[in-house]
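1. here you go, sequence then predicted model.
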Amino acid sequence: MKKNILMLAAGLLLTAQIQAVTPEQVCGRFDGDLNIGGDFYPSKSVYLLPGVTGGTLTFVLPDFKYGNGNLGNIVLPNIAMDDTGKLTLENATLYLDSIAERATITVINGLEDEGVVYNSVVTATEAQVILSIAAPSLPEPIFVLFVGQAATAHNYALTNGGFEGEWTNAEPQGWHSFYSATGLLVDFIKNDYQFTQSSQVRPGTKGSHSALLSSTMALGVKANGNCTNGQINAGSSIADDATGNYNFSDPANTGFCTPFNGHPDSIVFWAKYQPADRDASNPVNLARMNTVITTDARYQDPEVGDAYADIKIGTATVNYAATQSMGWQRIAVPFEYVKANSSKEPAYILTTFSTNYTPGGGSSYTTGSTFNKKNVLDSVYLDDVQLVYNHGLNSLTIDGQAVSFAQGVAKVDGDYCDDCAKFAARADGYAAQSFLAFDEQTHYLYVYVIADSYATTGEYSLYRVQFADSDVPEGVQTTTESGGPQWTKCIRQGVICIIAPDGTAYTVQGTRL
């Protein structure tokens, strides 16, 4: 085995003995290296999730390759863990999905190599797992050592989406407006009144503040209220001159760009848009939100020509009208991903909110007497901006036929794994991953759907497929026909859920509580 793995593994073993841990504390994504029979494979990721039975873990090693072969996803759903983080799983029979064969996999608790003792042990920050794999396609069993660190450095959210905390120079953490703008005309447009903190908040929020955008008159023309997690450039007196007036993100300007690594499915925000004429049907009254995920390169909004075609990874854009009551509304906007750039890694995200979709646009009117005129302009209150990562199951098929779920559980005819090779799952989420966990002990098939943001949010869904010979607990009836036990609704921690006949609670997406 490689010396760099030995050194990391020895350090991890000492760390694991410091403090007791629970399965919930160690769940997450771990990035590290594999050593397979002495061969070194860097930059691999594994997932640790709650096990399908209490007090256990599920171990997921995606797309496992060995030599010239691909054994598929290794998913072990019932790994025992003691309070020191040591793992144990003896003789698990696992179906390997890419080559349609069964393998016997053991989590080795302790292994000695060249005088060094390794242990399968995890903490909240580090993981070391040793597997023994025997399969018909392998001439002899192989040992696999994974050593990795918790993936804590990745960014999957916008900073301060609730606009809370202290505002410095009329700007909250993570957001900017005209006060910190740059460009030739910055001295004419710099102000601290077009982007302010407000105590008006959206219904149901846990926060106490929102942000208020207001348009104004500058250099004789209307200037839209504008905020961004990038920086504003003010370089032209012509409002719609995209060569001089734009918001931008530049990796070289670290104070005005947001590092980002995710592939969200939508962006959700709350807005209370109040155009100057208070006419929701006026076609000029449309506020705007635009979000662009980019590579590690400079980007500006609005664009000029096609200079940024190779930089954009995903976009979400909406022009929205006010409600008839001029009140709060929840707006969800799906991301569209650029197919030509699908192999490129996200590095930054630029988000812009404006009081109108047209530069210098919107409605206005004047009140007051001849000597005391006042311009009434557009305003938008913003609250709780959030990126959403789907992690539901779009479909599960067996031999091309759809499997139907009710409250996260499905039943199929036939005995356990007679047709395992014919199962195929598809996640509901652009970058979500689905994994099949075949449990030889209980004769259930479990489907895990892991959100792209799992490393930081812990979001996933769990579905269960019951076979004719599945190990249904004694005394538990599973029929939902008339006269049998029924699924019941519940609310836990403010989340609507459903309790199965066996007492297990699920969210409506199928996540077990």
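-> Done, it's in. No experiment lies behind these values; they were computed from the predicted model shown.
2. flag every buried residue along stretch 41-53.
-> Using 16 or more other C-beta atoms under 10 Å as the test for burial, stretch 41-53 gives 44-52. Every C-beta, even on glycine, is put in place using the N, C-alpha and C of the backbone.
3. could you pull out the helices for the stretch 1-150 of the chain?
-> 3-16, 23-26 (DSSP state H, counting those that start in this stretch).
4. mean pLDDT lowest where, among those?
-> Comparing mean pLDDT across the helices of the stretch 1-150 of the chain, the weakest is helix 3-16, with a mean of 41.
5. the helices in the protein, which residues?
-> Counting by DSSP state H, one finds helices in the chain at the ranges 3-16, 23-26, 186-189, 454-457.
6. show me what the last one is packed up against.
-> To tie it back to what came earlier, the one meant is helix 454-457. Counting contacts by 3 or more C-beta pairs under 8 Å, 6 or more residues apart in numbering; DSSP states H and E, helix 454-457 is packed against strand 28-36.
7. distance between the strand it packs on and the chain's centre?
-> Distance of strand 28-36 from the chain centroid (C-alpha atoms, centre = their mean, to the nearest Å) equals 20 Å.
8. and that strand, what does it pack against?
-> If contacts are counted by 3+ C-beta pairs under 8 Å, 6+ apart, strand 28-36 sits against helix 3-16, strand 39-50, strand 126-134, strand 142-150, helix 454-457.
9. just name the most buried of the ones you listed.
-> Stretch with highest mean neighbour count among the helices and strands packed on strand 28-36: strand 126-134 (a mean of 22; mean count of other C-beta atoms under 10 Å).
10. now that one - C-alpha only, PDB.
-> Below are the C-alpha coordinates for strand 126-134, written out as PDB (Å, rounded to 0.1, in the frame of the first residue of the first chain):
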ATOM      1  CA  GLU A 126     -12.700  11.600   8.500                       C
ATOM      2  CA  ALA A 127     -13.500   8.100   7.200                       C
ATOM      3  CA  GLN A 128     -11.500   4.900   6.800                       C
ATOM      4  CA  VAL A 129     -13.300   1.900   5.400                       C
ATOM      5  CA  ILE A 130     -11.900  -1.500   4.400                       C
ATOM      6  CA  LEU A 131     -13.900  -3.800   2.200                       C
ATOM      7  CA  SER A 132     -13.300  -7.400   1.200                       C
ATOM      8  CA  ILE A 133     -15.100  -8.100  -2.100                       C
ATOM      9  CA  ALA A 134     -15.600 -11.600  -3.700                       C
END
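11. tell me what the residue lying closest to residue 196 once chain neighbours are set aside is bridged to.
-> Nearest residue to residue 196, sequence neighbours excluded (C-beta to C-beta, 6 or more residues apart in numbering): residue 212, at 5.0 Å. Beta bridges link residue 212 to residue 196, residue 381, judged by DSSP bridges.
12. pretty sure residue 212 contacts residue 381?
-> Yes. Contact criterion C-beta atoms under 8 Å: residue 212 and residue 381 qualify, at 5.4 Å.
13. one step back: what two of the buried residues of stretch 41-53 are the furthest from one another?
-> Across the buried residues of stretch 41-53, the longest distance by C-beta to C-beta is 23.8 Å; it joins 44 and 52.
14. what distance do you get for residue 114 to residue 38?
-> Between residue 114 and residue 38 the computed distance is 11 Å (C-beta to C-beta, to the nearest Å).
15. between those two, which one's more packed in?
-> A direct count of neighbours by other C-beta atoms under 10 Å for residue 114 and residue 38 places residue 38 higher, at 11 against 7.
16. mind checking how far residue 298 is from residue 247?
-> From residue 298 to residue 247 the distance is 12 Å (C-beta to C-beta).
17. what's the neighbour count on residue 73?
-> 21.
18. from what I see, it and residue 436 are in contact.
-> Yes. The criterion here is C-beta under 8 Å, and residue 73 meets it with residue 436 at 7.3 Å.
19. can you pull up the most central residue in this structure?
-> For the chain, the residue sitting closest to the mean C-alpha position, by C-alpha atoms, centre = their mean, is residue 453 at 2.9 Å.
20. which residue sits closest to that residue, ignoring its sequence neighbours?
-> residue 156 (3.9 Å).
21. isn't that neighbour right next to residue 456, touching?
-> Yes. Contact between residue 156 and residue 456 holds when scored by C-beta under 8 Å: they sit 5.2 Å apart.
22. now for the residue lying closest to residue 131 once chain neighbours are set aside: which residues touch it?
-> Excluding its sequence neighbours, the residue lying closest to residue 131 (C-beta to C-beta, 6+ apart) is residue 144, at 4.3 Å. Shown in contact with residue 144 (C-beta atoms under 8 Å, 6 or more residues apart in numbering): 34-37, 64, 130-133.
23. min pLDDT across those residues, which one?
-> For the contacts of residue 144, the pLDDT minimum is residue 37, 79.
24. okay, now it: neighbour count?
-> Using other C-beta under 10 Å, the number of residues around residue 37 comes to 14.
25. from residue 312, how far out is the residue lying closest to residue 42 once chain neighbours are set aside?
-> Counting by C-beta to C-beta, 6+ apart, residue 42 lies nearest to residue 33, which is 4.9 Å off, once chain neighbours are set aside. Distance, residue 33 to residue 312, using C-beta to C-beta: 33 Å.
26. more neighbours, those two?
-> Set residue 33 next to residue 312 and count neighbours by other C-beta under 10 Å: residue 312 wins out with 20 against 17.
27. distance of residue 120 relative to residue 433?
-> Distance of residue 120 to residue 433, given as C-beta to C-beta: 23 Å.
28. so which of the two has more stuff around it?
-> The neighbour comparison of residue 120 against residue 433 (other C-beta under 10 Å) goes to residue 120, with 25 against 20.
29. so the more buried one makes contact with residue 143?
-> No. Applying C-beta under 8 Å as the test, residue 120 and residue 143 come out as separate, 11.5 Å apart.
30. got a list of what residue 208 touches?
-> Residues in contact with residue 208 (C-beta under 8 Å, 6+ apart) are 164, 199, 201.
31. what subset of those is buried?
-> 164, 201.
32. in stretch 87-94, what's buried?
-> Those would be 87, 89, 92, 94, for stretch 87-94 by 16+ other C-beta under 10 Å.
33. now do the same contact list for the nearest residue to the third one once chain neighbours are set aside.
-> The shortest distance from residue 92 to any non-neighbouring residue, by C-beta to C-beta, 6+ apart, is to residue 105 (5.1 Å). Contacts for residue 105 were tallied using C-beta under 8 Å, 6+ apart; they are 74, 76, 89, 92-94, 131-134.
34. and residue 105, bridged to which residues?
-> residue 92, residue 133.
35. measure it to residue 351 for me?
-> Taken as C-beta to C-beta, the span from residue 105 to residue 351 is 44 Å.
36. check residue 75 too.
-> Taking C-beta to C-beta, one finds residue 75 at 36 Å from residue 351.
37. quick one: residue 189 and residue 225 touch, right?
-> No. Judged on C-beta under 8 Å, residue 189 makes no contact with residue 225 at a distance of 11.9 Å.
38. which residues do these two both contact?
-> Shared contacts of residue 189 and residue 225, defined by C-beta under 8 Å, 6+ apart, are absent.
39. between the two, which is the more surrounded one?
-> It is residue 225, of residue 189 and residue 225, that has more neighbours when counted by other C-beta under 10 Å, with 27 against 20.
40. other residues contacting stretch 457-469?
-> Residues outside stretch 457-469 that contact it (C-beta under 8 Å, 6+ apart): 27-28, 49, 52, 156, 389, 391-393, 396, 403, 405, 408-417, 443-451, 453-454, 472, 478, 507, 509-512.
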